[in-house]
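Enquirer: Quick one, structure for this:
(2 chains, ligands or ions: 2)
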2 protein chains.
Amino acid sequence: MASKVTVKAPSSTANLGPGFDVFGLAVDAFYDEVTLTKTKSRITIVTDDNIPTKPDNNTAGLVVKNMKKKFKIKSGVEIKIKKGVPAGFGMGSSAASAAATAVAFDKLFGLKLDGNSLVEFAGSGEKASAGSVHYDNVAASVLGGFVIVKTNPLQVTRVDPPTNLRMCVAVPKLEVPKKKTKVSRGVIPKKVKLTDSILNLSNASAIVAGFMKKDPELIGNSIKDVIVEPARKHMIPGFDKVKENALKAGALGVTISGAGPSVIAFSKSSADLKKISSAMSRGFASAKTECQTVICKPSKGAADKRR
Amino acid sequence: MASKVTVKAPSSTANLGPGFDVFGLAVDAFYDEVTLTKTKSRITIVTDDNIPTKPDNNTAGLVVKNMKKKFKIKSGVEIKIKKGVPAGFGMGSSAASAAATAVAFDKLFGLKLDGNSLVEFAGSGEKASAGSVHYDNVAASVLGGFVIVKTNPLQVTRVDPPTNLRMCVAVPKLEVPKKKTKVSRGVIPKKVKLTDSILNLSNASAIVAGFMKKDPELIGNSIKDVIVEPARKHMIPGFDKVKENALKAGALGVTISGAGPSVIAFSKSSADLKKISSAMSRGFASAKTECQTVICKPSKGAADKRR
Ligand SMILES: Nc1ncnc2c1ncn2[C@@H]1O[C@H](COP(=O)(O)OP(=O)(O)OP(=O)(O)O)[C@@H](O)[C@H]1O
Ligand SMILES: Nc1ncnc2c1ncn2[C@@H]1O[C@H](COP(=O)(O)OP(=O)(O)OP(=O)(O)O)[C@@H](O)[C@H]1O
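Expert: Numbers count the residues shown, from 1 in each chain, chains lettered A, B, ... in the order given. Ligands and ions are numbered 1, 2, ... in the order given. All right, here's what the predicted structure looks like:
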């Protein structure tokens, strides 16, 4: 068996508007690379990036700790992390490390776990960043494509996205608070109107049908969220303008990526993606905020044999 | 052009658990038959069944009224209604009349409307029964199969159900209040917990995926509703027992059909449907209530060329 395994995992966008805590999509904008090496003892983290290196505080470290414990593995593990996914911007950064790590650990120790179990272990790592276990980003990052997450018990359904689906992500240059996910969860109301809940459910259902029917228009025009986006958008300078500009430039649907502050626009390969991307930049500029834009498409997952 | 057109429309089950006001499924348990005949003037309703014959109070009458007005049709119309779908039991009875009527009217006057428009007109008739316009039952009854309804603007997505999907419907012999739909909408809370809304949304999303992946298991184990079913089940004597019995007998999922009081169990062709059906009867019997059970499958719609 190898004593060293390297796995790459993609960034991901959670929620896609109405699918808060349920939908995830793997996105080929950024990748984390994790190399696991067997050592004598202990878990150590090696990285040049600005992330915690104490195993309990790093999503990758926590995944190794949980998997070692579960499978009673005595060997130590060195975790080398090369971050490609910017941390704290709503692109599933902590999840990418966790996803790559779960898949690498599975290979390193020949566990042959199924997709659902890999997602479960990767998700257990998210406690190190978000303070709670959640699966939308890790499921996308592990399995690739579009995912629907049901919990208690965890059941992930994976769908191949339309091959002509394209996205434009605008990552604003902002100081992100350390506990961003916690803060941005705090602004969401604990109770919602039944009518709003029905509206989000109907759009979410149409998004699922859009992915299955390979219909970017149906996906795009169903990216409508009357619960989470209205509560969170005030945390993103210029959000309304970014959204309006992108839609005017031809985007099919626009929303906050994950917990933000990145904004994601959905489109298709025939559209003028450069126009959408500069429209989004102008939106952020109107609020005196610089941003990086990336034109991207759905990605395969860390566990995907075909990558 | 013909001066007389007859159209049959199937019964339907709305909601399928978490998809309140969004999901509908055409069911081959019962059919309404509507014959429209051109007459000199006025709208008249002829029927042997116990339903309103004043056009404004009958869903079929209201559809004819609305379509006549919209297309500036001077001719009168006689509406002959043969009810097959029992009225007021959650099987989309008023919707079946409306659906058959919209399709027949389209044919009688050569309008060649698309599916979405037929659903829109059929839905406008529901005001005569439910007091408000809603589209879940009529969309299923017009288009057949499984439907996802988005409103404002109306956009219906239709999905072919798995060919091996089977249902067992138990229709209890109860006195149903005249304004049942209104009453049963009144018991649903106006505000819901965000966590409940997420739970229903994740299950609804999985139901859509289940219909598209032709997976009765995924559909059945996602028929979980923590919002509407808990609020309404007290209106159905013996509901908990009916559900428990059906699940024990092998049903994949069980819930209230539409606004009730019928209960619907989902299963697949290989299952012992007779066992499920007698299990449901025993459930109702435990609450001293007789019921009629019907083993059935998804149906084509009134507008479906293939029927
Ligand atoms: N391996 C890791 N990679 C990145 N961040 C990590 C890692 N381990 C722990 N963290 C911590 O997690 C936080 C970033 O995660 P957070 O959940 O806020 O954002 P994200 O994963 O980039 O985006 P989102 O979940 O909104 O898509 C940072 O505070 C960082 O210190
Ligand atoms: N053409 C019609 N057929 C049946 N009922 C009608 C019709 N037109 C009006 N109604 C009225 O509508 C009521 C029945 O509709 P209701 O919406 O309560 O139940 P349903 O359509 O059987 O079930 P659900 O909508 O819960 O699936 C009855 O009070 C009946 O008088």
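
Enquirer: and A:Val72, how many residues sit next to it?
Expert: Not Val; residue A:72 is Lys. 6 (other Cβ atoms under 10 Å in any protein chain shown). All C-beta spots, glycine's among them, are computed from the backbone N, C-alpha and C.

Enquirer: Quick check: the gap between the closest residue to ligand 2 within the stretch 201-307 of chain A and B:Asp21.
Expert: Taking Cβ to the nearest ligand atom, ligand 2 has its nearest neighbour within the stretch 201-307 of chain A at A:Ser202, 17.7 Å off. Per Cβ to Cβ, to the nearest Å, A:Ser202 is found 8 Å from B:Asp21.

Enquirer: quick one: which of these two has more around it?
Expert: The neighbour comparison of A:Ser202 against B:Asp21 (other Cβ under 10 Å) goes to A:Ser202, with 27 against 21.

Enquirer: The more buried one reaches B:Asn152, doesn't it?
Expert: No - under the criterion of Cβ atoms under 8 Å, A:Ser202 makes no contact with B:Asn152, lying 10.0 Å away.

Enquirer: Counting by contacts, list what the longest strand seen in chain A packs against.
Expert: Longest strand of chain A, by residue count under DSSP state E: strand A:23-39. Under the contact definition 3 or more Cβ pairs under 8 Å, 6 or more residues apart in numbering or on different chains; DSSP states H and E, strand A:23-39 sits against strand A:4-14, strand A:76-82, helix A:93-108, helix A:136-143, strand A:146-150, strand A:165-172, strand A:291-296.

Enquirer: winner for burial among those?
Expert: Among these, helix A:136-143 has the highest mean neighbour count (mean count of other Cβ atoms under 10 Å in any protein chain shown), at a mean of 33.

Enquirer: distance between it and the chain's centre?
Expert: 7 Å (Cα atoms, centre = their mean, to the nearest Å).

Enquirer: Repeat that for stretch A:167-186.
Expert: Its chain's C-alpha centre and that of stretch A:167-186 lie 12 Å apart, by Cα atoms, centre = their mean.

Enquirer: does any part of it sit near ligand 1?
Expert: Yes - against ligand 1, stretch A:167-186 shows contacts by Cβ under 6 Å from any ligand atom at A:178, A:180-181.

Enquirer: distance between the ends of that stretch?
Expert: One end of stretch A:167-186 to the other measures 28 Å (Cα to Cα, to the nearest Å).

Enquirer: follow-up on the earlier one: now the common contact residues for A:Ser202 and B:Asp21.
Expert: Overlap of the contact sets of A:Ser202 and B:Asp21 (by Cβ atoms under 8 Å, 6 or more residues apart in numbering or on different chains) consists of B:Val149.

Enquirer: picking up where we left off before, need the next SSE after the longest strand of chain A, C-terminal direction.
Expert: For strand A:23-39, the following helix or strand on the C-terminal side (DSSP states H and E) is strand A:43-47.

Enquirer: related to what we said a few turns ago, am I right that the residue of the stretch 201-307 of chain A closest to ligand 2 sits in a strand?
Expert: No - remark: A:Ser202 does not belong to a strand; assigned using DSSP: H, G, I helix; E, B strand; the rest coil, it is helix.

Enquirer: That one: what's it in contact with?
Expert: So, once contact is read as Cβ under 8 Å, 6+ apart, A:Ser202 ends up touching B:21-22, B:148-151.

Enquirer: Residues that sit against both of A:Ser202 and B:Asn152, list them.
Expert: Common neighbours of A:Ser202 and B:Asn152 (Cβ under 8 Å, 6+ apart) do not exist.

Enquirer: Now render the helices and strands packed on strand A:23-39 as CSV, adding distance to A:Asn245 and mean pLDDT.
Expert: Formatted as CSV, the helices and strands packed on strand A:23-39 follow (distance: least, Cβ to Cβ, whole Å; pLDDT from 0 to 100):
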stretch, distance to A:Asn245, mean pLDDT
strand A:4-14, 19, 97
strand A:76-82, 34, 97
helix A:93-108, 26, 98
helix A:136-143, 27, 98
strand A:146-150, 26, 97
strand A:165-172, 10, 98
strand A:291-296, 12, 97
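
Enquirer: Serialize these to a markdown table and add fields for distance to ligand 2.
Expert: As requested, the helices and strands packed on strand A:23-39 are exported to a markdown table (distance: least, Cβ to the nearest ligand atom, whole Å):
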| stretch | distance to ligand 2 |
| --- | --- |
| strand A:4-14 | 36 |
| strand A:76-82 | 55 |
| helix A:93-108 | 42 |
| helix A:136-143 | 34 |
| strand A:146-150 | 27 |
| strand A:165-172 | 36 |
| strand A:291-296 | 44 |
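
Enquirer: how about stretch A:39-49 as PDB, C-alpha atoms only?
Expert: The C-alpha trace of stretch A:39-49 is given here as PDB (Å, rounded to 0.1, in the frame of the first residue of the first chain):
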ATOM      1  CA  THR A  39       4.300   8.800   9.900                       C
ATOM      2  CA  LYS A  40       5.300   7.200  13.200                       C
ATOM      3  CA  SER A  41       2.700   8.800  15.400                       C
ATOM      4  CA  ARG A  42       0.500  11.900  15.900                       C
ATOM      5  CA  ILE A  43      -1.300  14.100  13.400                       C
ATOM      6  CA  THR A  44       0.700  17.000  12.000                       C
ATOM      7  CA  ILE A  45      -0.300  19.800   9.600                       C
ATOM      8  CA  VAL A  46       2.100  21.400   7.200                       C
ATOM      9  CA  THR A  47       1.000  24.400   5.100                       C
ATOM     10  CA  ASP A  48       2.300  27.800   3.800                       C
ATOM     11  CA  ASP A  49      -1.300  29.200   4.000                       C
END
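
Enquirer: Can you give me the buried ones in it?
Expert: A:43-45, A:47 (16 or more other Cβ atoms under 10 Å in any protein chain shown).

Enquirer: Was I right to think A:Tyr135 contacts A:Pro153?
Expert: No - between A:Tyr135 and A:Pro153 there is no contact under Cβ under 8 Å: 11.5 Å.

Enquirer: still on that earlier bit, filter the contacts of A:Ser202 to keep only those in contact with chain A.
Expert: Near chain A, taking Cβ under 8 Å from any Cβ of the partner chain as the test, the members of the contacts of A:Ser202 found are B:21-22, B:148-151.

Enquirer: re earlier: for B:Ser75, which of the helices and strands packed on strand A:23-39 is the nearest?
Expert: Proximity to B:Ser75 (Cβ to Cβ) singles out strand A:165-172 among the helices and strands packed on strand A:23-39, at 48.6 Å.

Enquirer: give the contact list for A:Ile188.
Expert: Here A:Ile188 is in contact with A:20, A:227-228, A:231-232, B:194 (criterion: Cβ under 8 Å, 6+ apart).

Enquirer: neighbours around the residue of the stretch 151-300 of chain A found nearest ligand 2, how many?
Expert: Relative to ligand 2, the nearest point of the stretch 151-300 of chain A is A:Ile198 (16.1 Å; Cβ to the nearest ligand atom). For A:Ile198, the count of nearby residues is 21 (other Cβ under 10 Å).

Enquirer: Setting aside sequence neighbours, what's the nearest residue to it?
Expert: B:Asp21 (5.1 Å; Cβ to Cβ, 6 or more residues apart in numbering or on different chains).

Enquirer: what residue ranges in the stretch 201-307 of chain A score low on pLDDT?
Expert: A:305-307 (pLDDT under 70).

Enquirer: Tell me where it has helices.
Expert: All helices of the stretch 201-307 of chain A, identified by DSSP state H, counting those that start in this stretch, fall at A:216-220, A:228-232, A:239-248, A:273-285.

Enquirer: measure the residue in the stretch 101-250 of chain A positioned nearest to ligand 1 to A:Ile79 for me?
Expert: Residue nearest to ligand 1 within the stretch 101-250 of chain A (Cβ to the nearest ligand atom): A:Ser129, separated by 3.0 Å. Distance of A:Ser129 to A:Ile79, computed by Cβ to Cβ: 15 Å.
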